[in-house]
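Engineer: here's a sequence, model it:
(one chain, ligands or ions: 3)
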Amino acid sequence: MEKITVSLIKADVGGFPGHSTVHPDLKERANKELKQAKQNGLLVDYHILNAGDDLELLMSHRKGVDSEEIHGLAWHTFEAATEVAKELKLHGAGQDLLVDAFSGNIRGMGPGIAELEFVERGSEPLVAFMMDKTEPGAFNYPIYKIFADPFNTAGLVVDPTMHDGFVFEVWDIKKKKRVFLRTPEELYSLLALIGAKSEYVIKRVFPKVTSPLPKDEPVAVISTEKLFFTAGKYVGKDDPVALVRSQSGLPALGEVIEPFAMPYLVSGWMRGSHNGPIMPVSFTYSKCTRFDGPPRVIAAGFQLSKGRLVGPADLFDDPAYDRARRKAAMIADYMRAHGPFEPHRLPIEEMEYTTLPNVMKKLAGRFEDTE
Ligand code: F6R
Ligand code: MG
Ligand code: MG
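Structural biologist: Ligands and ions are numbered 1, 2, ... in the order given. A predicted model of the protein is given here:
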């Protein structure tokens with residue numbers, strides 16, 4: 001069976017206004033590039049979306065993960081959109097394109113990437129999650145809930161095809177190491193790591209051998225790029241994306257989006273330096289306004305049909321998420337009231353990746369011994 005690959009590649013190549021959202025002309029320019037690639041047969045299908053100020057290219061194709069052709073297409077599309085952003089003098093035009101020229105693989109060059117290659121099933125529901133004003137570790141909580149928490153995912157308890165649980169691939173993003181942990185048997189070890197979300201992030205989830213799905217095909221993937229490690233200086237949080245397959249031996253669609261009913265705390269928000277609630281929003285509200293946020297997530301639902309991305313369904317465009325949004329707004333008030341105090345402002349260690357050390361340098365010479 002020929003496999004299909006879904007690639008979600010994103011970059012902030014200019015905000016409008018400030019860091020709030022993407023100007024329609026950038027999406028139009030990106031559309032021109034991807035339309036051509038579809039006509040040329042490189043892409044089976046594509047959709048262009050935005051999460052706040054991030055331009056999101058969702059593409060299906062038969063080239064596999066890490067394909068030079070697909071990564072090159074994404075890179076050149078971002079370059080073309082950057083030209084438009086420069087012409088309109090948008091804020092931070094080209095900010096996530098950290099190198100001058102494409103060199104075969106877009107990883108480590110600035111954009112964020114999530115790619116899944118698999119044999120398309122009889123019915124293949126897929127959710128693309130896109131976040132703005134936060135970091136890859138922001139996906140730890142919902143991905144854990146979806147694939148390992150029986151209080152979220154009823155299927156773990158009642159569906160015999162999911163009853164044995166899943167395998168989590170966790171990355172230490174600073175040391176560049178990874179470990180595979182099996183749930184439910186290693187649940188506590190998994191939580192010991194992924195609770196430290198700025199260090200350990202879930203990269204992929206796999207079915208177990210007992211699953212009806214092939215065990216070597218991931219069923220979820222998260223972008224884990226850290227711009228700081230690439231640029232060597234703070235150039236924004238890393239606004240992550242994720243792809244999650246669903247149904248028939250996997251969590252149901254409703255189980256996949258259920259964790260977002262709780263506006264949990266993530267780090268990012270203003271200047272990438274604050275903790276705040278993640279707000280699930282419709283595409284219409286995929287823009288970061290109040291205090292450059294609060295951090296937001298959109299969910300685009302699809303059915304795949306021979307690689308065609310049938311959709312998107314705007315999954316958080318639903319009154320069932322109104323309470324989560326209201327709660328997020330209340331938590332935002334509460335957190336904001338702390339002003340520059342922790343835990344609204346991030347702890348010093350995490351501020352190392354932002355601009356605070358430069359402020360501290362100014363004061364360095366004025367510190368006197370107290371004893
Ligand atoms: C956070 C973000 C914004 C900016 C802030 C300052 O990820 O993008 O909150 O950090 O608006 O932006 P500059 O330094 O571009 O004025
Ligand atoms: Mg920006
Ligand atoms: Mg962004």
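
Engineer: drop to CA atoms for contacts and neighbour counts, all remaining ones
Structural biologist: Will do.

Engineer: residue contacts, the residue lying closest to residue 99 once chain neighbours are set aside?
Structural biologist: Nearest non-adjacent residue to residue 99, counting by C-alpha to C-alpha, 6 or more residues apart in numbering: residue 109, 6.0 Å away. By C-alpha atoms under 8 Å, 6 or more residues apart in numbering, the residues touching residue 109 are 97-99, 230.

Engineer: and for residue 203?
Structural biologist: The contact partners of residue 203, taken as C-alpha under 8 Å, 6+ apart, are 168-171, 221-224.

Engineer: can you tell me the element residue 203 falls in?
Structural biologist: Element membership of residue 203, judged by DSSP states H and E, is strand 200-207.

Engineer: which element follows that strand toward the C-terminus?
Structural biologist: strand 220-222.

Engineer: the helix or strand containing residue 180: partners in the sheet, and parallel or antiparallel?
Structural biologist: Taking DSSP H and E as the criterion, residue 180 maps to strand 177-182. Strand 177-182 has these partner strands in its sheet, going by DSSP bridges: strand 166-172 (antiparallel).

Engineer: and the closest residue to residue 204 other than its chain neighbours, what does it touch?
Structural biologist: Spatially, and ignoring its direct neighbours in sequence, residue 204 is nearest to residue 221 (4.4 Å; C-alpha to C-alpha, 6+ apart). Residues near residue 221 by C-alpha under 8 Å, 6+ apart: 114-116, 203-205, 242-244.

Engineer: quick one: pLDDT of residue 221?
Structural biologist: Looking at residue 221, its pLDDT reads 98.

Engineer: check the one 4 residues further on too.
Structural biologist: Among the per-residue scores, residue 225 holds a pLDDT of 79.

Engineer: residue 285 versus the nearest residue to residue 12 once chain neighbours are set aside, what's the distance?
Structural biologist: Leaving aside its sequence neighbours, residue 12 sits nearest to residue 54 (C-alpha to C-alpha, 6+ apart; 4.4 Å). Per C-alpha to C-alpha, to the nearest Å, residue 54 is found 13 Å from residue 285.

Engineer: residue 152 and residue 145 touch, don't they?
Structural biologist: Yes: between residue 152 and residue 145 there is a contact at 5.9 Å, judged by C-alpha atoms under 8 Å.

Engineer: what about residue 295, neighbour count?
Structural biologist: 37 (other C-alpha atoms under 10 Å).

Engineer: contacts only, for it.
Structural biologist: Applying C-alpha under 8 Å, 6+ apart, the residues contacting residue 295 are 131-134, 266, 268-269, 276-279, 288.

Engineer: kindly report the same for residue 132.
Structural biologist: Counting by C-alpha under 8 Å, 6+ apart, residue 132 makes contact with 51-54, 239-240, 288, 295-297.

Engineer: is it correct that residue 322 falls within a strand?
Structural biologist: No: counting by DSSP: H, G, I helix; E, B strand; the rest coil, residue 322 falls outside a strand, being helix.

Engineer: if I look at it, how far off is residue 149?
Structural biologist: Distance from residue 322 to residue 149, by C-alpha to C-alpha: 23 Å.

Engineer: higher neighbour count, the two?
Structural biologist: Neighbours were counted for residue 322 and for residue 149 using other C-alpha under 10 Å; residue 149 has more, 20 against 16.

Engineer: quickly note the distance from that one to ligand 3.
Structural biologist: Per C-alpha to the ion, to the nearest Å, residue 149 is found 29 Å from ligand 3.

Engineer: any idea how far that residue is from ligand 1?
Structural biologist: Separation of residue 149 from ligand 1 (C-alpha to the nearest ligand atom, to the nearest Å): 30 Å.

Engineer: in three-state terms, label the nearest residue to that residue once chain neighbours are set aside for me.
Structural biologist: Nearest non-adjacent residue to residue 149, counting by C-alpha to C-alpha, 6+ apart: residue 156, 7.7 Å away. What three-state DSSP gives for residue 156 is helix.
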